[in-house]
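Engineer: Coordinates only, no sequence provided:
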């Protein structure tokens, strides 16, 4: 399995024809390829099975993925966003579905419910969890991704519109204090922020989703 | 692999994040004015909290009234107070920190992210711009790196980020366009602008800050300010303005 960054904004995956080198990528993210490569719709649920498909329909945390396999090189990119590569060795990655670019074969995805608060945008309410052993590529809009460590005694508060994902044993809670509400632009309907505690890493992007 | 994880021990005290021109970290020790929607994350220090209070309901009322002299923009700003690290971002624009030493600098309101309480904020005569006076630090964003030029210079209004020390600009109209305009019946040319004939003309000693391009945000305050000025007009003038607005809308719908 060979993944590399062509530029900081382009992910290149080399497929060697084996089933293990196949990937699932965000629909529409393939920008170029060479070789004998087949693209197959991963089915509703993004290959996560019927149960995931049902939850996605219910929650709006949709994950349109395409299965990419064969022999050759495939280039992936989304709106000139910066690509973040992560290796998973059994940890749990939680990510916004719109930030997922590519997953290696063997990783499982599911929709997890992370709280019942202010359903204005759904950001951070339902997230996609990725588990197993393999590689994941996330997309950060507006500039390089920012990784922030969370440890006991150093909690972190994040704007849900800038939140990309979290890796490790982090607990997420919602902050809805009045002081936060004042921080938000009038156009944004968000009235809560995400507070992370525990031990792990939280990824954010410089640009806020609109 | 990926990116280096940062935490309060490794975050910069007052600088762009490592390798990231699009995000900036401020070590909060005193009150900081922050534009709403620009804060993307924060670490409160030592088990405390960072308060983000609206200007209308802050415990620092008299300081705010003294420092923030712009009723028009007051709802878009908060005062951050407490101890910790605050990370700011703005539409993926480049973010730079500026130091003013008993100086003055005027900046596009949407590009101003934060300023400390050593500075005083006032509304510029040019709509959509804010002026900072005094001694202190502020953060401003630009689409692409900032380009510094010295007057005399004429600039495209959309490329203008701000200016320091020199007098406020005058509006300049391209001579060819003016000749055409004067030659035709007055007003008949309304709407025949290419978008390039109107420029800002800077003279005197100082520095002009430019950006490579601007995704123009509709600034609600420009409208608010125009609405405020409408009251000075007579009935006839208002009717005239009404027809001009109608023409402009019709023009845009065609285009």
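Structural biologist: That came through fine. Note that this is a predicted model, so its numbers are computed, not measured. Numbers count the residues shown, from 1 in each chain, chains lettered A, B, ... in the order given.
Engineer: Mind listing what's buried along the helix or strand that contains residue A:15?
Structural biologist: Here residue A:15, judged by DSSP states H and E, is contained in strand A:10-16. Of the residues in strand A:10-16, A:10-13, A:15 count as buried by neighbour count, 16 or more other C-beta atoms under 10 Å in any protein chain shown. C-beta here means a position set from N, CA and C on the backbone, and glycine is covered the same way.
Engineer: right, and out of those residues, which lies closest to chain B?
Structural biologist: The nearest member of those to chain B, counting by C-beta to the nearest C-beta, is residue A:11 at 12.5 Å.
Engineer: quick revisit: residues making contact with the strand holding residue A:15?
Structural biologist: Outside strand A:10-16, the residues that touch it by C-beta atoms under 8 Å, 6 or more residues apart in numbering or on different chains are A:2-6, A:21-23, A:25, A:31, A:35, A:37, A:68-77, A:83, A:85, A:101-102, A:137.
Engineer: ok, the host helix or strand of residue B:133 near chain A or not?
Structural biologist: Taking DSSP H and E as the criterion, residue B:133 maps to strand B:129-142. No - Strand B:129-142 is not in contact with chain A by C-beta under 8 Å from any C-beta of the partner chain; minimum separation 10.2 Å.
Engineer: Tell me the helix or strand right after that strand.
Structural biologist: strand B:147-149.
Engineer: Least confident secondary structure element in chain A?
Structural biologist: In chain A, no helix or strand scores lower on mean pLDDT, DSSP states H and E than helix A:178-181, which sits at a mean of 52.
Engineer: how about low-confidence regions in chain A?
Structural biologist: Low-confidence regions of chain A, defined by pLDDT under 70, span residues A:1, A:42-63, A:114-125, A:176-191, A:210.
Engineer: quick one, helices of it?
Structural biologist: Using DSSP state H, the helices of chain A run over A:49-59, A:178-181.
Engineer: Write out the residues of the stretch 1-150 of chain B neighbouring chain A.
Structural biologist: So the stretch 1-150 of chain B meets chain A at B:1-8, B:17, B:19-23, B:34, B:36-37, B:39-44, B:47, B:51-54, B:75-76, B:78, B:87, B:89-92 (C-beta under 8 Å from any C-beta).
Engineer: For stretch B:129-145, could you pull out the residues that count as buried?
Structural biologist: In stretch B:129-145, counting by 16+ other C-beta under 10 Å, buried: B:129-134, B:136-143.
Engineer: and of these, the nearest to chain A?
Structural biologist: residue B:141 (10.2 Å).
Engineer: Could you give the number of residues near the residue nearest to that closest one when sequence neighbours are not counted?
Structural biologist: Closest residue in space to residue B:141, ignoring its immediate chain neighbours: residue B:93 at 3.7 Å, by C-beta to C-beta, 6 or more residues apart in numbering or on different chains. Residue B:93: 25 surrounding residues under other C-beta atoms under 10 Å in any protein chain shown.
Engineer: Now do the contacts for residue B:93.
Structural biologist: If a contact means C-beta under 8 Å, 6+ apart, then residue B:93 has B:22, B:111, B:141-143 as its contacts.
Engineer: How about residue B:225?
Structural biologist: B:72, B:127.
Engineer: any idea whether it is helix, strand or coil?
Structural biologist: What DSSP: H, G, I helix; E, B strand; the rest coil gives for residue B:225 is helix.
Engineer: So which residues of the stretch 51-200 of chain B form strands?
Structural biologist: B:68-69, B:77-82, B:84-89, B:94-108, B:112-116, B:119-123, B:129-142, B:147-149, B:153-155, B:160-164, B:170-173, B:198-202 (DSSP state E, counting those that start in this stretch).
Engineer: Show the low-confidence segments of chain B, by residue range.
Structural biologist: Applying pLDDT under 70 to chain B flags the ranges B:1-2, B:184-196, B:214-220, B:255.
Engineer: Which residue comes closest to the residue in it positioned nearest to chain A once chain neighbours are left out?
Structural biologist: Relative to chain A, the nearest point of chain B is residue B:92 (2.7 Å; C-beta to the nearest C-beta). Of all residues beyond its chain neighbours, the one nearest residue B:92 is residue A:142 (2.7 Å), with distances taken as C-beta to C-beta, 6+ apart.
Engineer: residue contacts, that neighbour?
Structural biologist: Listed by C-beta under 8 Å, 6+ apart, the contact partners of residue A:142 are A:81, A:205-208, B:22, B:89, B:91-92.
Engineer: Quick check: the gap between it and residue B:18.
Structural biologist: Separation of residue A:142 from residue B:18 (C-beta to C-beta, to the nearest Å): 17 Å.
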